[in-house]
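Asks: Provided below are the primary sequence and the corresponding predicted coordinates.
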Amino acid sequence: MQTAIQRLSLLLFGAFTFVLPAAQINAAEPFIARIPRVWDDDAMAKLEIRLATDVKVQHIPSAYYYQIPVRTIYKTYAIYHPDREPPGYFAALLQKDPEIAFDSSRLKTKEDWIRAGQQVFESGLTPLSTDVPFTQVRNRAWYTETDAPLTKDGIMPLYRYVIRKRGQVEVTMDSCATCHTRVLPDGTAIQGAQGSVAFGKLFAFHIRHSPDAYRYKPARPQLLDLFGTPWIQPDPQAALMNMQMNDIADIVDRLPHGVVPRDGTSLAYSVQIPDLLGVHDRKYLDHTGLQHNGGLADLMRYDAINNFINDLTAFGDFRPFNALKSVAPADALPPASSQSRYSDEQLYALALFLESLRAPENPNKANALSRYGERVFAAQKCGICHTPPLFTNNKLTPVSGYDWQLRNRDLQQDIIPISVGTDSTNALLTRRGTGFYKVPSLRGVWYRGPLEHNGSIASLEEWFNPARLRSDYGSNNAKPYGMETNAVAGHQFGLDLSVRDKAALIAYLRTL
Ligand code: HEC
Ligand code: HEC
């Protein structure tokens, strides 16, 4: 039987799942978990803006999605560098029984949900043993070759140990924490802050230390699954498609820290891992503004799609997953039981966790120089796009040569029709390519980096250095594979300021 509050909430909010028994609803500080239905066919159809290449994008139907088994989330444990591990630590893990860490029936307060969301954030989809090169966290050479960071306590915060079976300690390697954790110079790990993982080096280590059968395998099926855009001709990734995995290692090894060949982008033009602190204030998600973000439910949808469901999406008659597994016919879906997904409850907890994250305290307090810099910021009209207090106007800027008037009239109020002229490949030639880059927030830029959607810029000093426009410029960060010039083009705002004004502007930006 429904209580009065449940009936009222149903009227107000529609068909939400109530996970709290009625007794708790009357508690002093009641927390009612209103869990939206994530994979709603209508919402999914309207979630993303159209692609610049005009291919028809179709997410999997909800009837199929909800048949996919839910991931079990087990309790995880910190990983120490072999030289920093407390005596007996690993031996004790080997004696532990598995524990289920996520059980929504036990979550009562908002605090409980947030902590459970952190467990989701830290637990990967496919735990691997410590023998696999990707996760050789007990091998000292792995740390030096992959630049894996350590906290001041000697913990490697990108992965966690997980116990799914007594006597078998595995490693989570594809959790949100892997990419969305930043270790500050003082050894503090900040979850959700712009990621600084050398993901390319992890991948390169994996390939180079794998058996020959993997190293010399054609890369094509995997590249098609992750990045393929066969409807774009000539194929911008044709040269890569003919490589072997070993060649791929050489390419990813050069990627700057904090830059990832995220699926749906490209191995040739990878993207910067964004800051998730403040993600709730953003109207669009992804550098290209691919997805609307109208609230918690949309953030949950982003997390559902982007964690190993997106290769089931159809792009015209191309379904990336089928390229990897040779499923035929090309538009068929594999059995739902062969896939895995987060439950709506897990995604809700994860979204609450992300919302609860706060930036570390900014040590750069306002002073005379930064106050002068604030005036430079105003005089340069940076605020047209980087509008306080969010330091973004939450709008999209078309890349050079993209005719948005022809295709995106529906978004007109969210478009600022000035192209900043940065490299357009990611916005035009990928599965996430919309023809736009969104205006990023400048909040937290003091601890962030690398900058620009592709992470080609290491620091604010470099961003405002006009030398970066020259074709012989040696970028502080690796240039994307196949790029013919070393120039970092575009966003010429503030480049011609005097030395003094520039220093002041940068000092101001570091206070945000
Ligand atoms: C392999 C690295 C990797 C993993 C794992 C990963 N992400 Fe991301 N994430 C990225 C990259 C790179 C982007 C930027 C993609 C783009 O702009 O094209 C991104 C974008 C996002 C965004 C959009 C933010 C914005 O402002 O545009 C959200 C939200 C997000 N990730 C949440 C998560 C969550 C939650 C998880 C775990 C369930 C996760 N990510 C796992 C690398 C990763
Ligand atoms: C017409 C809109 C516009 C104006 C004006 C503008 N920007 Fe930007 N800014 C952008 C866009 C769009 C990007 C992202 C470009 C990309 O990633 O390719 C960006 C990126 C940045 C970044 C890198 C942020 C990051 O996280 O990667 C900084 C720093 C920045 N702008 C500062 C400024 C300053 C300071 C001014 C004034 C001197 C200014 N911008 C003027 C639109 C603008």
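Replies: Nice, I can see it. Being a predicted model, the structure only gives us computed values, none of them experimental. Ligands and ions are numbered 1, 2, ... in the order given.
Asks: which parts of stretch 169-186 are buried?
Replies: 169-183 (16 or more other C-beta atoms under 10 Å). For glycine as for every other residue, the C-beta is placed from the backbone atoms N, C-alpha and C.
Asks: contact partners for the closest residue to residue 490 other than its chain neighbours?
Replies: Nearest non-adjacent residue to residue 490, counting by C-beta to C-beta, 6 or more residues apart in numbering: residue 421, 3.3 Å away. Going by C-beta atoms under 8 Å, 6 or more residues apart in numbering, residue 421 touches 399, 400, 489, 490, 491, 492.
Asks: pLDDT below threshold where in this structure?
Replies: Applying pLDDT under 70 to the chain flags the ranges 1-29, 327-328, 330, 475-484.
Asks: close to ligand 1: what parts of it are there?
Replies: When proximity is defined as C-beta under 6 Å from any ligand atom, the chain approaches ligand 1 at 174, 176, 178-180, 199, 260, 262, 265, 271, 273-274, 276, 279, 282, 285-287, 302-303, 307, 350, 432.
Asks: take these and keep only those in strands.
Replies: 260, 271, 285 (DSSP state E).
Asks: wait, doesn't the last one sit right on residue 294?
Replies: What it means is residue 285. No. If you go by C-beta atoms under 8 Å, residue 285 and residue 294 don't touch, sitting 10.6 Å apart.
Asks: those two: who's more crowded?
Replies: residue 285 (23 against 13; other C-beta atoms under 10 Å).
Asks: for the closest residue in space to the more buried one that isn't next to it in sequence, the count of nearby residues, please.
Replies: For residue 285, ignoring the flanking residues on the chain, the nearest one in space by C-beta to C-beta, 6+ apart is residue 291 at 4.4 Å. By other C-beta under 10 Å, 21 other residues sit near residue 291.
Asks: before we move on, the earlier item: quick one: which of the residues of the chain next to ligand 1 sit in helices?
Replies: 176, 178, 179, 199, 302, 303, 350 (DSSP state H).
Asks: of all the residues you listed, which comes closest to ligand 2?
Replies: residue 179 (15.9 Å; C-beta to the nearest ligand atom).
Asks: so what's the residue count around the nearest residue to that closest one once chain neighbours are set aside?
Replies: Sequence neighbours aside, residue 195 is the residue nearest to residue 179 in space, at 4.6 Å (criterion: C-beta to C-beta, 6+ apart). Other residues near residue 195 come to 27 when the count uses other C-beta under 10 Å.
Asks: before we move on, the earlier item: show me which of the contacts of residue 421 are buried.
Replies: By 16+ other C-beta under 10 Å, the contacts of residue 421 give 399, 489, 490, 491 as buried.
Asks: can you put those residues in a markdown table and add distance to ligand 2 and secondary structure?
Replies: Formatted as a markdown table, the buried ones among the contacts of residue 421 follow (distance: C-beta to the nearest ligand atom, whole Å; DSSP: H, G, I helix; E, B strand; the rest coil):
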| residue | distance to ligand 2 | secondary structure |
| --- | --- | --- |
| 399 | 8 | coil |
| 489 | 10 | coil |
| 490 | 7 | coil |
| 491 | 5 | coil |
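Asks: which of those sits closest to residue 221?
Replies: residue 399 (30.1 Å; C-beta to C-beta).
Asks: how about the residues of the stretch 351-500 of the chain that lie near ligand 2?
Replies: So the stretch 351-500 of the chain meets ligand 2 at 380-382, 384-386, 397, 416, 418, 420, 422, 437, 439-440, 442, 445, 451-453, 460, 463, 491, 493-494 (C-beta under 6 Å from any ligand atom).
Asks: likewise for the chain?
Replies: So far as C-beta under 6 Å from any ligand atom goes, the chain lies against ligand 2 at 380-382, 384-386, 397, 416, 418, 420, 422, 437, 439-440, 442, 445, 451-453, 460, 463, 491, 493-494, 505.
Asks: filter those down to just the ones in strands.
Replies: Per DSSP E, the residues of the chain next to ligand 2 map to strands at 397, 437.
Asks: and the residues of the chain next to ligand 2, which are buried?
Replies: Judged by 16+ other C-beta under 10 Å, buried ones among those: 382, 385-386, 397, 416, 420, 422, 437, 439-440, 442, 445, 451-453, 460, 463, 491, 493-494, 505.
Asks: leaving out the residues flanking it, which one is nearest to residue 282?
Replies: Closest to residue 282 by C-beta to C-beta, 6+ apart is residue 293, at 5.5 Å.
Asks: mind telling me which residue of the stretch 51-200 of the chain is nearest ligand 2?
Replies: Closest point on the stretch 51-200 of the chain to ligand 2, by C-beta to the nearest ligand atom, is residue 194, at 7.7 Å.
Asks: measure stretch 166-180 end to end?
Replies: 29 Å (C-alpha to C-alpha, to the nearest Å).
Asks: again with stretch 260-271
Replies: Rule used - C-alpha to C-alpha; the end-to-end distance of stretch 260-271 is 6 Å.
Asks: now swap in stretch 211-225 and tell me
Replies: 22 Å.
Asks: do stretch 320-337 as well
Replies: Start-to-end, stretch 320-337 (C-alpha to C-alpha) is 18 Å.
Asks: what is the neighbour count of the residue in the stretch 401-512 of the chain positioned nearest to ligand 1?
Replies: Residue nearest to ligand 1 within the stretch 401-512 of the chain: residue 432 (4.7 Å; C-beta to the nearest ligand atom). Close neighbours of residue 432, defined as other C-beta under 10 Å, add up to 23.
Asks: wait, it touches residue 426, no?
Replies: Yes. Taking C-beta under 8 Å as the definition, residue 432 is a contact partner of residue 426 at 7.3 Å.
Asks: quick check: neighbours shared by the two?
Replies: Joint contacts of residue 432 and residue 426 (C-beta under 8 Å, 6+ apart) are 265, 287, 288.
Asks: helices of the stretch 101-250 of the chain, residue ranges please.
Replies: 110-122, 140-146, 176-179, 199-208, 212-215, 220-227, 238-241, 245-253 (DSSP state H, counting those that start in this stretch).
Asks: list the helices and strands the third one packs on?
Replies: Contacts of helix 176-179 with other secondary structure elements, assessed using 3 or more C-beta pairs under 8 Å, 6 or more residues apart in numbering; DSSP states H and E, are made with helix 110-122.
Asks: what are the buried residues along the helix it packs on?
Replies: 112, 113, 114, 115, 116, 117, 118, 119, 120, 121, 122.
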